[in-house]
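> turn this into a structure:
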Amino acid sequence: MMVIAIAPSFFFKPPKPKLALPPVGADTSGLVPQPAASPESLRAGPAAPGAQAAPPAAPSAPAETLLVTSPLYQYAVSTRGGAIVQATLSHYEALDPADKGKPVRLVPDSSALQTFSILVGTDTLRLGDWNFTPSAHALTVNAPSTLTLTSSRGGVTVTLRYTFRPDDYQIDVHGEAAGLGPVGGHLLVGMGDGLRQTESDSAANYYAYAVVTKTDQSHSMPFSKLKPDEPPTTLDGPFDWAAVKSKYFVAAVLATDSGSVPVSGVTAHARPGKPRVTRADVTFGMSIPVAGSFAYRLYVGPMEYPRLRAIGHDFYDINPYGWPGFRTLIRPIAVGARWLLVWMHQHFAMAYGMVLIVFGIAIRIVLWPLNQKGMRAGIKMQAIQPEMQDIQARYKEDPQRLQQEMIGLYKREGVNPFSGCWPMLLPYPVLLALFFVLSNTIELRGQSFLWLQDLSLKDPFYIIPVLMGVSMFAVSRVGMIGVPPNPQSRMMLYFLPVMMTVLFANFASGLNLYYFVQNVVSIPQQWYLAKERAKARAAMAPPPAPVKKKK
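This is a model prediction of the structure:
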């Protein structure tokens, strides 16, 4: 069943976006600047008609950091280039040992989000060393508030307006670039080299680092797939949104609801010198019309499913539940399970470990009648086994007649050969959905229970996986009561629990806890039906031969 569940993701993969780099000498009004551009032209103003060349940069004044604070966050905006140099989330605690106990910070110390460059013709106007004049030196966001930054150089004036909301991680970005000339340009938005490491399991967090883009469906390009010795990888848009993500957090550029120009392309370049890629410089591009204005939304915050869904544009797909090709089945169950777990935690003030125990018991109770029906169907199948074997022996040379006789037997006895299977399969979509919920849902991040420090991570002592395997053996052993001896069944009795224990050993400890509870709760039902099966088997047994008395 696990193979059937996983195999479609390997054979029915969604088409990947086109990966291409423009050849040397091609038109650079798109995302990638001319390779042949000289260092002087990269510092100069745009060469378009009507634009003036920028003079050499004057010695830079010290940059000022502007703090924007709300109950949810504290963003730090630098007057040098207008970039966001830090994003601190007040409601989330860093789990990485270096920052343990502090609020999560998303931007690495040596990086920044929203570093701007403007392409015009063959020249690049880099705003990273421009000094902007702010409209305020600090901002406390109790209502939608706007921070305006303005700078001029060489006849070009750039104005940036950030609008912050007190109860949301979305930032409305509006900009104007006056003096570019009559040809417009292309805006490059640097998104840094990945988000800050915030998790106790750094390997799992780095594994989740990716660039995600959305056209008809989302497509993820993990940093680990990039090659440090190759040219930058370019993804051609247009995209409704493009994002840089870690396991639980995301920084994304989205088109506004008013129909602004979406992201036209993305480049990602792995940092050289390391065999394992954990950092990659990412740049988003979008066109600037002749008027010189641009607008988009920026999201810098947690991957909370309700928030992502409320944004629209299928932004919740940044953190998909399920593998490609299997997601349609898993996502509704995963979304429902996530909602129920969070609801129980909030309304009953229960630890998430207790929530998983109650949830496991509730699922088993809900499925009790179906499991009962499936197990009793198996007892009926067992009862007609002698007649089935007789038919198979009688018509083994005539397959068509054999099939007709078997169907007639099923109809006469009121037995459906498949009725015993599908009720037993129903718990497995829930189990698979919980695999993704426990691994990717931020509400379960860092939640401890008993000796388990984090239900989203593996049990460091492997106690829960072992208990899960033992409980699976107990369920199978009780279920074999009243079943005729079978070498294959006896082999599976020992092999399957060992295999599942090894498979689940490195899965989220919360998933093992749920499966363990499911097994324990199902033992009474298995015992009751095993006794019923044993009685049915005893009733089918031929009467003992009469004992002859000696004369």
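
> hmm, Gln392 is touching Leu402, no?
Yes - the criterion here is Cβ atoms under 8 Å, and Gln392 meets it with Leu402 at 6.7 Å. Using the backbone N, CA and C atoms, a C-beta is placed for each residue, glycine as well.

> show me which of the two is the more surrounded one.
Neighbour comparison, Gln392 and Leu402: the larger count goes to Leu402, with 16 against 12 (by other Cβ atoms under 10 Å).

> which other helices and strands contact the strand or helix carrying that one?
Assigned by DSSP states H and E, Leu402 falls within helix 399-413. For helix 399-413, the elements it packs on are helix 385-394, judged by 3 or more Cβ pairs under 8 Å, 6 or more residues apart in numbering; DSSP states H and E.

> buried sites along the helix it packs on?
Buried residues in helix 385-394, counted by 16 or more other Cβ atoms under 10 Å: 388, 391.

> now swap in stretch 434-453 and tell me
Neighbour-count burial for stretch 434-453 [16+ other Cβ under 10 Å]: 434-447, 449, 452.

> what lies in contact with it?
92-93, 95, 199-200, 247-248, 302-305, 319, 321-322, 330, 334, 337-338, 341-342, 345, 351-354, 454-456, 459-461, 463-464, 507-511, 513-514 (Cβ atoms under 8 Å, 6 or more residues apart in numbering).

> thinking again about what came up before, list the buried residues in the helix holding Leu402.
By 16+ other Cβ under 10 Å, the buried positions in helix 399-413 come out as 402, 405-406, 410.

> could you do stretch 330-349 as well?
Applying 16+ other Cβ under 10 Å to stretch 330-349 flags 330-331, 333-335, 337-338, 341-342, 344-345 as buried.

> where in the stretch 101-250 of the chain is pLDDT low?
183-184 (pLDDT under 70).

> all helices for it, in order.
202-208 (DSSP state H, counting those that start in this stretch).

> how far away is Arg445 from Gln197?
Distance from Arg445 to Gln197, counting by Cβ to Cβ, to the nearest Å: 14 Å.

> using CSV, write out every CA atom in stretch 271-291.
Listed next in CSV are the C-alpha coordinates belonging to stretch 271-291 (Å, rounded to 0.1, in the frame of the first residue of the first chain):
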residue,chain,number,x,y,z
ARG,A,271,27.2,29.7,-3.4
PRO,A,272,30.5,28.2,-4.8
GLY,A,273,33.0,26.2,-2.8
LYS,A,274,30.7,23.9,-0.9
PRO,A,275,29.7,20.4,-2.1
ARG,A,276,26.3,20.6,-0.3
VAL,A,277,24.3,23.7,-1.3
THR,A,278,22.6,25.4,1.6
ARG,A,279,22.8,29.0,0.3
ALA,A,280,21.8,30.4,-3.0
ASP,A,281,21.5,34.0,-4.2
VAL,A,282,18.0,34.5,-5.5
THR,A,283,16.7,37.4,-7.6
PHE,A,284,13.1,38.1,-8.8
GLY,A,285,12.5,40.3,-11.8
MET,A,286,9.5,42.3,-13.0
SER,A,287,8.9,44.9,-15.7
ILE,A,288,8.7,48.6,-15.1
PRO,A,289,6.4,50.4,-17.5
VAL,A,290,7.4,53.7,-19.2
ALA,A,291,5.7,55.6,-16.4
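
> determine how far that stretch lies from the middle of the whole chain.
Remark: stretch 271-291 is offset 21 Å from the chain centroid, using Cα atoms, centre = their mean, to the nearest Å.

> and stretch 220-234, by the same measure?
Centroid separation between stretch 220-234 and its chain, computed with Cα atoms, centre = their mean, is 20 Å.

> residues touching it, excluding its own?
The contact list for stretch 220-234, computed with Cβ under 8 Å, 6+ apart, reads 19-22, 31-32, 194, 206-213, 235, 265-274, 276-281.

> repeat that for stretch 253-266.
By Cβ under 8 Å, 6+ apart, stretch 253-266 touches 30-31, 172, 186, 189, 191, 211, 213, 234-243, 282-287, 289, 294-299, 311-313, 315.

> measure the residue lying closest to His186 once chain neighbours are set aside to Ala255 for me?
Computed as Cβ to Cβ, 6 or more residues apart in numbering, the closest residue to His186 that is not its neighbour in sequence is Leu119, at 4.2 Å. Noted for Leu119: a distance of 20 Å to Ala255, by Cβ to Cβ.

> also Gly237?
10 Å.

> ok, now Val211?
Separation of Val211 from Ala255 (Cβ to Cβ) stands at 17 Å.

> count of residues packed around Arg153?
Per other Cβ under 10 Å, the neighbour tally for Arg153 reads 19.

> wait, it sits on Trp130?
Yes - here Arg153 reaches Trp130: they are 6.2 Å apart, a contact under Cβ under 8 Å.

> could you give the backbone dihedrals for Val266?
phi -140, psi 140 (degrees, to the nearest 10).

> could you give the number of residues near it?
For Val266, using other Cβ under 10 Å, the count is 28.

> bridge partners for it, pull those for me.
Leu235, Phe284 (DSSP bridges).

> now do it against Phe461, distance only.
Between Val266 and Phe461 the distance, using Cβ to Cβ, works out to 42 Å.
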